[in-house]
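K.L.:
would you be able to build a 3D model of this:
(one chain, ligands or ions: 1)
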Amino acid sequence: MSIRLLSSLRPALRLASANVLAAYRNVPRTTASAASSARAFPALSSYLQRHDGFHTSTRFLAAQQEVLSEEEEDELPSRFDEVKSLNATTAKAIKTVFKYETMSKVQSEVLSLLPTDTDMFVKAKTGTGKTLAFLIAAIENVLAKTDINELKRGDAITCLIISPTRELAQQIAEESRKLVNLHRFNVHCLVGGESKGAQIRQLVSRRVDFVVGTPGRLNDMIESVREFPTMLEGVKTLILDEADQLLDMGFKDSIESIVAAIPKERQTLFFSATVSSQIKSIARKTLKPDFTFIDTVDPNEANTNLQVEQSYCITPFEQQVPLLARIIDDHKKKNPAGKIMVFLPTTRGTQLYASIFDQISSYPHYSLHSKKSQDARTRTSERFRRTKGAVMFTSDVSARGVDYPDVSLILQVGIPSSKEQYIHRIGRTGRAGKTGEGLLIMSPVEESFLDQVPDLPLVPNELYMNADELLQDEKFMNKVNEAKASQDQMMINDAYTAFLGYYIGRMDVLTCPKDDILEAAKEYIMGLGAVEPPFLSDGFLAKLGFRTGKSSTRGGGNRFSRGGGNRFSYGRDSNDNGRRDNFSRDRSSSQSGSRDSFGGRGGRGSFGGRGGRDSGRDRSSGRNRDSRGSSNDMFSRD
Ligand SMILES: Nc1ncnc2c1ncn2[C@@H]1O[C@H](COP(=O)(O)OP(=O)(O)OP(=O)(O)O)[C@@H](O)[C@H]1O
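P.N.:
Model prediction:
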């Protein structure tokens, strides 16, 4: 079952909505009056009872709601060639360039509304083809309003796509080129880290139709390139991909100024796999009141792909490196060609892990984080895409949207910054209907993260609950210890302070006393090769909110404080999802789809398999990880 809020639907629904709205405006939420008005329309009623803010805003209620039954869903087109309104050239590109025939659920829901210039807010699981869905909607809207034969160099931008990260922007630009080339539209990609001069030269030398960019570079262009604001005056469709991450990364102001620079009369599309609370306020301001809300995630289902097995283990820091090596090894034996992504919470931790694995791993492996130059990031990304069986150590710059083929295992070492981030990281596998696995490795101090995700099908992983046996393997452990011992002390120190910054910022999730975080940081860094915990100045600790004094400032001497000021200064690292919290100084910023799995009718859970695999696997031990029967909410579920 999926849910839509449509702008121009049945009069009865319109009336119901108006009644509920009127009732709601005059009385407090969930009073008898509102409830009785809504009783005949259970879905509206449940919205009112479950949501404040966004759902009860006048804008939201001005939209109309239609809950699609399974039968109605079956009436939606399931193949691209069933979408009669599709422009012939667009249809040709899908058939001959992409070579796709059947649509995913989100594609069929969005395309069934074409032609439309209505605003949309679309939520669909990771890896289910949202990119093509919004690109097709955009090109069809642009085509309806543009005479392509009249277009010439110097004309305005027709479609603007904002992406939170550079890698994702580049990927969307590639996908756009494949779709719009036959229309002879041009695509420009404007991201930071690349030569602005070269980007400007391209803008003036070739006609500009589609622009994909990151908020920082787009704003920079608005402010510093005289012609750019004029070019933006032609925008007919604005797309915010990974809409909630854009806000999470602190781009709210940038987005508002970009939105202010483009015409009010336009179509706006928000797409994301998760909907965080922050996105609601910007959606209210940016979307027209009669926007269409499409949620293809079954309210009774977890918001992760059913074909991805998810487990967790609680492992002390000192065992995490050997355990990780073993998990990678085991997976490689099972699936030599499968790729593995290892997510770490901080950039510095990512660098340190990658450097240790340089010495202990025999598999091709890469690292990706915001401390690399954009060139290096692009090269790494390309190599990982191409190399069978590769392993990538990465920060959250790779958490969202990026589509690497054949990723079969996602390892998260340390808790993610949020439930949404967990969902996006795990979404790098199990794409386009493929299978995959995810394993979250936590230290005991992090276990309370599980309380944040009660509705996800995470089960304890008995196989990797401890690494005792591994620790007995002398030869292997010698290799690990040698690798750890050879690490650069500065890198170790930086990873230590970054760890503290990150986890102090997660105190809302961790239920332990603050001092335990300091202890955990010491264990963490000793587990990664520090001989003793690096010195921390009282000033630094005080900034993190620790009581200062001898006992808390050192775990062994002050040798790292010599000769160079405060090297452990507050704010050296970012957790690399770009979250600009107090600790972040730096800011970041397809083809593989198994078409067989894109089943037709009755099989469009996402890319096929309405029923899917039972998500209720072994829940016999540990906490109650039952994914079902929790909230039915749409906007608040994740
Ligand atoms: N109709 C289709 N048939 C086959 N493969 C498809 C189809 N549509 C998209 N794909 C492929 O599915 C994969 C996932 O698509 P895409 O990256 O658009 O997912 P997404 O929903 O945007 O994911 P995320 O939420 O992670 O950003 C890509 O490799 C894409 O090429």
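K.L.:
not counting its neighbours along the chain, what's nearest S276?
P.N.:
What sits nearest to S276 in space, not counting adjacent residues and going by C-beta to C-beta, 6 or more residues apart in numbering, is D244, at 4.2 Å. Every C-beta, even on glycine, is put in place using the N, C-alpha and C of the backbone.
K.L.:
same question, K484
P.N.:
G529 (3.1 Å).
K.L.:
and for that neighbour, the neighbour number?
P.N.:
Residues near G529, counting by other C-beta atoms under 10 Å, number 23.
K.L.:
quick one: contacts for it?
P.N.:
I356, A483, K484, A485, S486, Q487, I492 (C-beta atoms under 8 Å, 6 or more residues apart in numbering).
K.L.:
equivalent analysis for S276, please.
P.N.:
Contacts of S276 by C-beta under 8 Å, 6+ apart are D244, L247, D248, S418, E420, D638.
K.L.:
so what does the strand or helix carrying the fifth one touch, helix or strand wise?
P.N.:
For E420, the host element (DSSP states H and E) is helix 419-426. The elements that helix 419-426 packs onto, with contact taken as 3 or more C-beta pairs under 8 Å, 6 or more residues apart in numbering; DSSP states H and E, are helix 243-248, strand 407-413, strand 436-442.
K.L.:
what's the closest of the ones you listed to the ligand?
P.N.:
helix 243-248 (9.9 Å; C-beta to the nearest ligand atom).
K.L.:
average pLDDT for the helix or strand just after the closest one?
P.N.:
As assigned by DSSP H and E, the chain's next helix or strand after helix 243-248 is helix 252-261. Helix 252-261 shows a mean pLDDT of 92.
K.L.:
L440 pairs with what?
P.N.:
L440 has these beta-bridge partners by DSSP bridges: Y312, Q412.
K.L.:
could I get the pLDDT score of the residue lying closest to A169 once chain neighbours are set aside?
P.N.:
In this structure, A169 finds its nearest non-sequential neighbour in S163, 4.0 Å apart by C-beta to C-beta, 6+ apart. On pLDDT, S163 comes in at 95.
K.L.:
how about S45?
P.N.:
Confidence score, pLDDT, at S45: 31.
K.L.:
before we move on, what about G611?
P.N.:
pLDDT, G611: 32.
K.L.:
list the buried ones in stretch 506-520?
P.N.:
Under the neighbour-count criterion of 16 or more other C-beta atoms under 10 Å, stretch 506-520 has R506, V509, L510, C512, I517, L518, A520 buried.
K.L.:
circling back to that earlier point, determine which stretch of the helices and strands packed on helix 419-426 is the most buried.
P.N.:
helix 243-248 (a mean of 26; mean count of other C-beta atoms under 10 Å).
K.L.:
quick one: is that one near the ligand?
P.N.:
No. Shown here: helix 243-248 not in contact with the ligand (C-beta under 6 Å from any ligand atom), separated by at least 9.9 Å.
K.L.:
which residues sit against that helix?
P.N.:
Taking C-beta under 8 Å, 6+ apart as the rule, helix 243-248 contacts 121, 162, 164, 215, 240, 255, 270-272, 274-276, 278-279, 282-283, 400, 418, 420, 424, 577-579.
K.L.:
the same query, at a cut-off of 7 Å, please.
P.N.:
162, 164, 215, 240, 255, 270-272, 274-276, 278-279, 282, 400, 420, 577, 579 (C-beta atoms under 7 Å, 6 or more residues apart in numbering).
K.L.:
quick one on the thing from earlier: of the contacts of G529, just the buried ones, ChimeraX syntax please.
P.N.:
Remark: buried members of the contacts of G529, expressed as a ChimeraX selection using 16+ other C-beta under 10 Å:
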select :356,483,484,487,492
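K.L.:
in terms of distance to the ligand, which of the contacts of G529 ranks first?
P.N.:
I356 (28.6 Å).
K.L.:
contacts only, for the closest one.
P.N.:
V321, A483, K484, Q487, L528.
K.L.:
and the residue of the stretch 251-400 of the chain found nearest the ligand, what pLDDT?
P.N.:
Residue nearest to the ligand within the stretch 251-400 of the chain: A273 (4.1 Å; C-beta to the nearest ligand atom). Predicted confidence (pLDDT) for A273: 90.
K.L.:
burial measure for it, as a count.
P.N.:
With other C-beta under 10 Å as criterion, A273 counts 27.
K.L.:
next one: K479
P.N.:
15.
K.L.:
once you drop chain neighbours, what's closest to it?
P.N.:
I360 (5.5 Å).
K.L.:
cool, and Q374?
P.N.:
G193 (2.7 Å).
K.L.:
got the contact list for that neighbour?
P.N.:
Counted by C-beta under 7 Å, 6+ apart, G193 has contacts R166, S373, Q374.
K.L.:
weed out the non-buried ones from those.
P.N.:
Members of the contacts of G193 classed as buried by 16+ other C-beta under 10 Å are R166, Q374.
K.L.:
just the contacts of G193 now: which is nearest N87?
P.N.:
R166 (30.4 Å; C-beta to C-beta).
K.L.:
what does the stretch 201-350 of the chain put close to the ligand?
P.N.:
Residues of the stretch 201-350 of the chain lying near the ligand (C-beta under 6 Å from any ligand atom): A273.
K.L.:
show me where the stretch 201-350 of the chain has helices.
P.N.:
215-224, 228-232, 243-248, 252-261, 277-286, 317-334, 347-360 (DSSP state H, counting those that start in this stretch).
K.L.:
most tightly packed of those helices?
P.N.:
For those, ranked by mean neighbour count under the definition mean count of other C-beta under 10 Å, the leader is helix 243-248 at a mean of 26.
K.L.:
residues contacting Q374?
P.N.:
Here Q374 is in contact with R166, G193, E194 (C-beta under 7 Å, 6+ apart).
K.L.:
before we move on, the earlier item: my guess is the residue of the stretch 251-400 of the chain closest to the ligand contacts G127, does it?
P.N.:
No. A273 is not in contact with G127 according to C-beta atoms under 7 Å; the separation is 8.5 Å.
K.L.:
quick check: neighbours shared by the two?
P.N.:
Contact criterion C-beta under 7 Å, 6+ apart; residues shared by A273 and G127: G427.
K.L.:
give me the low-pLDDT residue ranges for the chain?
P.N.:
1-74, 148-155, 466, 549-638 (pLDDT under 70).
K.L.:
and the stretch 51-200 of the chain, which residues reach the ligand?
P.N.:
Near the ligand, when you scan the stretch 51-200 of the chain using C-beta under 6 Å from any ligand atom, you find Y100, M103, S104, Q107, A124, T126, G127, T128, G129, K130, T131, L132.
K.L.:
fine, thanks again, bye for now.
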